[in-house]
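> sharing a model prediction with you, sequence too.
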Amino acid sequence: MVVVIDALDECENTKSTQQILEVLLTKSKGLPIKFMVSSRPEAGIRHQMEKNGTWIDSRVVLHELDGGEVQTDIKTYLKAELAPISPSELEIKKLADRAGVLFIYAATVIRYVGYDDFGRNPQARLNAVLGMSEKQGTAQTKEIDQLYGAILGAAIGDERLETTERDDMKLVLHTVVCAKASLTVDALNGLLKFDDVGRVHAALHPLWSVLHVMGPEMTVTTLHASFPDYLTDPRRSGNSKWHCDAATHHGILARKSFEHIRDTVPQFNICKLESSYLYDSQVKDLDARMDKYIPLELRYACQYWSAHLDASDSGLVSLLEQFLIKQLLLWMEVMNLTKNIAATPENLTSAKKCAAKHGATDELIALIHDAWRFAQTVVSSPVSQSTPHIYMSMIPFLSSHSPIRKHYAHRMQGMIGVEGTALDRRKPLLAQWFFGWSRCVGHSPDGTLFAIHEYDLQYQISIIDTSSGHKVRSLFHKDVGRISRVTFSPDGTRVASGTYDGDIWVWHIGSEQQVVDSGEHQDSISEITFSHDGAHIVSGSENGIIRVWDAYSGQIALPLLVGHPDYVISIAVSFDNTKIVSGSPDHTICVWEMQNGRPVFDPIKRHTGTLHTVDFSPNNSFIVAGCTNMVCVWDSHTGQSLLAPLLHKDSIYSVAISPDSTYIAAGLSGGTIQIWDVTSGKAISELSTGSKSRVNMLTYSADGTRIISHSESNLEMTERLLCLFDARNTSAPLNANASLGHTEPISSIDISPNGERIVSGSGDTICVWDPITGQLVLGPLTGHTDYVYIVRYSPVGSRFLSCSEDNTLRQWDAQTGDGLVVKNPIVDKTSFISAAYSPDGNHIATISYDAIVCVWSSKTGEQILGLMQGEEEGLSIQFSTDGATLLTSWSDGAVRIWDMQSGQLVSSIPSQVGLSLVASAFSPDGLRNVIAEPIYNNSSATMYQRITQTGERIPWPFKGDISRISGIQFSHNGSRIVHGSFDRTVHIWDAQTGDPVFGPLKGHIDGVTAVAYSPDGTYIASASKDKAIRIWDVRMQPDSSPFIEWVLKGDGSLMWPRNTAMMTRDGYVRLRFGGALIGEAWADCWLDI
């Protein structure tokens, strides 16, 4: 026999209830009768079971049962009771999900829907329940509200409670309801500063019918999701003593979180990490240290202060400011150690919005933004792998204008010395990551994820977190054809891919499972995208056909959209899901109705050049198209042009529009990103990816704080670049640093005869620099209309010349930078390839691309000698030391010597090589000629010397291959040879023995284009495609040389050990390690002030 006693907790006499329970637990054993008792876990009943000692074997706690089994039972119950209206499986699932593990919710729903024997429009009632918002109190919730009211009335309304006890109960109750994650009893005690865990237990005991304490850690949760809804809805509990004003309590929890972080001891190196040389993963007992030093309440405060601040009705501006000024680094320590660092930028973005809403000062807004950049840099760099480097590798590199530096630098000692101009030239670029070759890239609408199909992983799509650059998922299927396009669903949960076979596949990211496949296209998929509601997929193919699919079933949703005679290169759906825009290289842009597939207006053809990309603005008002050298903007409703074409010298391969529709960003073929103001059409900024590869994908983050780009190049490139930019740091004037240096690769440099100046040519500008300080002395000087690729000082240094692809040679005053006007401008039919002054400075010799040698008067520009015709392309030209002859070398290896008086050829050494030379230079005395010869079918080169007059090779034991040489020169005493290479290095050789003297000198991040030796031989200068000039100390050092070679990840602004200066518009950085507290001494860097 089984005796069932239901709802024991509803007995009015609490003492009698406890007595019944005691008898059942102690006297029923061995009887031929089984008792089953059901009850809410009221304090008295729970206490009696715990007191008895055998309760563990006797009890079953609903919330500790297998949730799946309970859900199955609830579904069965719902199906049986709602059978008269035949609910769908989806409706049953939604109801069961809402019920959780509580049958009372399901029973309440059934009573409401089945009212009057299902005679009161039950389907409408069911729809009302399913459509009920979280803050809706009507007849559907009446019974459960009465239940909750009775429980809380008995608990909080107990007249025997002291005021402090009632306040404790409400504080704990409201905290559990508003908490962003479950807290333990100990964590509640710590966060709420009760200072006695007994107070928490006392507050919880009367609430066990609505709160659940589970497990050995005593984690506190609500019994059902409907309870927080009831407690925070003023229409349902507003008149009660226990109502929770959520906004107010979130403010309380934000304050408690700030205070807990503030009061944490210590405020630095919380886990006592011994060395900055170790990754966090190498600290063997780190988990144990975190358990000891970072209690749950501190983890909670660090993770969720921002969420509580955002949900509160108070900005807590003062507390936020003090937190950023004093506890920012401790917060980042905890977040990094607990693997939550990726959330910090978003936390600070939310805090900035909240602070602005509550009237924060400009200074505080700037401080939050600086903290955001700081956090984003940590997240997106290797710093996050070693917590000490939040201090060691971040603070020293902050700009002198940084608010974070202002508040924290004085609290640090023994930092790595960092000097240079780059720190104060803050760039929008925050991070770069490299991946394998791929043309197939998609981004999630909020910009947080990228999907990349790498070429060597034929059947795999990698999901990349754009905040850290880490791969977070891999989607794989061996039967999928070669993937041509990928795209994200609006909610970021699905990825659709198109193949060259015409198939479309949809993956669910969380489960990494394929959920849809379709194959109706008869040609390869050239473009694919989701609608913004996620309900449809729009695809275009190589045959110009566009199809619209149901994103869930894979069925065709609209008839074929036909309008492009060429393939579809780009597709976008309007944000209100009413229109589709498609573009094709056939110069047409079509706009279609999403509902029926009809054209909205005639195809747009009012643009020139090849079309590469189209997109809708987030406000649905205009369409943007990127094509050859321009961006065009049209009204999305009429097709009328809204702006004059936004022009650029490069082709546009991708476009992105800011979330507020005020800016257009365009990814360009040259590796940069141009930003225009939509209202004015003015270009306001240009961002550099640090690469020349075209930017084929571009997006703004959903909050508008970041721009993410992906770059690709030709098939020979093995890496692709993902870049992250600070979108709020792009409003600086276009080329704001242009006045500080070159904006194009540097093609030529020369050092003045006294060694005190360096002149450089690049693009259509010329700059003069101080080689000691690296400061720009003159320029950028303008006058040429095309690329400047030769610059040379006169022998006395009073002037210098420049040659350009505009076919002109100009001269400049070396002191003032003024252009020198001559009677006869020096111009040729083709541009000059090399030029040199005579020893007395009165003449200039040139070789042009058409192999003609000329001599000109440097004072008048008059042609003195010419036209002396060569046979091959010239490489270099130089006067003999006495000025009597003119030495020329040619790409076929020939050397020709001309008499300066008669212009006659006095000596000619015929070609001696099978391949065109890549570089050539004469010794200062003209007696030797060094040449660089390419190695057949190889990217390397070899060097040798020969006697200028005879062409005889000089025995020179130089051996080995080096990367292709791009510039070569003798030292002024002829003892050394320096050359640059396309592999970004610089080498110096002994001209007599062929032995290496220095090198490879590393630092440039692109190929070296030119080199020059200082007159006294103490330094060399190298110029590069990276737009920088580096000065290298090449004096021989004793064995105790301070020039210890060290290697860091390549950075174009980094000064290397032998660098003494660096000239670039982005500035430079030099590191000093003397006295730095690093390694095991790192913990001494913090000053507790």
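Great, that's in hand. Just so you know, these numbers come straight off a predicted model, no measurement behind them.
> report the beta-bridge partners for the residue nearest the centre of the chain.
Geometric centre of the chain, nearest residue: residue 724, 2.9 Å, by CA atoms, centre = their mean. As for beta bridges, residue 724 partners with residue 431, residue 708 under DSSP bridges.
> look up how far residue 447 lies from it.
For residue 724, the distance to residue 447 equals 9 Å [CB to CB, to the nearest Å]. (Each C-beta comes from the backbone N, C-alpha and C, glycine too.)
> for residue 699, same thing?
Residue 699 is 5 Å from residue 447, where distance means CB to CB.
> ok so, going back, list the contacts for the residue nearest to the centre of the chain?
376, 380, 429, 430, 431, 432, 466, 467, 469, 706, 707, 708 (CB atoms under 8 Å, 6 or more residues apart in numbering).
> grab the nearest non-local neighbour of the fourth one.
Spelled out, it's residue 430. Using CB to CB, 6 or more residues apart in numbering and skipping residues adjacent in sequence, the residue nearest residue 430 is residue 724, 4.7 Å away.
> cool, and the second one?
Of all residues not flanking residue 380 in the chain, residue 431 sits nearest, at 3.4 Å (CB to CB, 6+ apart).
> picking up where we left off before, check what pLDDT the residue nearest to the centre of the chain gets.
Listed pLDDT for residue 724 reads 87.
> any shared contact partners between residue 699 and residue 447?
With CB under 8 Å, 6+ apart, residue 699 and residue 447 have common neighbours residue 708.
> about what we covered before: which of the contacts of residue 724 has the most neighbours?
residue 707 (28 neighbours; other CB atoms under 10 Å).
> my guess is it contacts residue 722. True?
No: counting by CB atoms under 8 Å, residue 707 does not reach residue 722; the two are 11.7 Å apart.
> all the strands of the stretch 901-1050 of the chain, in order from the start?
Per DSSP state E, counting those that start in this stretch, the stretch 901-1050 of the chain carries strands over the ranges 905-909, 919-922, 928-934, 940-947, 962-963, 965-970, 976-981, 985-990, 996-1002, 1008-1013, 1019-1024, 1029-1033.
> lowest average pLDDT across the ones you listed?
Among the strands of the stretch 901-1050 of the chain, strand 962-963 carries the lowest mean pLDDT (a mean of 62).
> didn't residue 102 look like it was pressed against residue 225?
No: if you go by CB under 8 Å, residue 102 and residue 225 don't touch, sitting 9.1 Å apart.
> can you pull out the low-pLDDT segments for the stretch 51-200 of the chain?
Scanning the stretch 51-200 of the chain for pLDDT under 70 picks out the ranges 51-59, 61-65, 67, 108, 112, 115, 132-140, 143.
> which residues of it fall in strands?
183-184.
> for the contacts of residue 724, which one is nearest residue 107?
residue 467 (45.3 Å; CB to CB).
> for that closest one, helix, strand, or coil?
Look at residue 467: counting by DSSP: H, G, I helix; E, B strand; the rest coil, its state is coil.
> can you pull the contacts of it?
Neighbours of residue 467 in contact, by CB under 8 Å, 6+ apart: 342, 345, 376, 379, 380, 448, 724.
> mind running it again at 10 Å?
Contact partners of residue 467, counting by CB atoms under 10 Å, 6 or more residues apart in numbering, are 341-346, 375-376, 379-380, 430-431, 447-449, 701, 706, 708, 724.
> pop out the phi and psi values for it.
phi -80, psi -30 (degrees, to the nearest 10).
> now do residue 875
The phi/psi pair for residue 875 (degrees, to the nearest 10) is phi -110, psi -50.
> quick check: residue 596 vs residue 397, distance?
57 Å.
> which one's more surrounded, the two?
Using other CB under 10 Å, the more surrounded residue of residue 596 and residue 397 is residue 397, with 16 against 8.
> quick one: contacts for the more buried one?
377, 405, 415, 416, 418, 422, 423, 1069, 1071.
> for these, which single residue is the most surrounded?
residue 422 (23 neighbours).
> that one and residue 1066 touch, don't they?
Yes: with contact defined as CB atoms under 10 Å, residue 422 reaches residue 1066; the gap is 6.0 Å.
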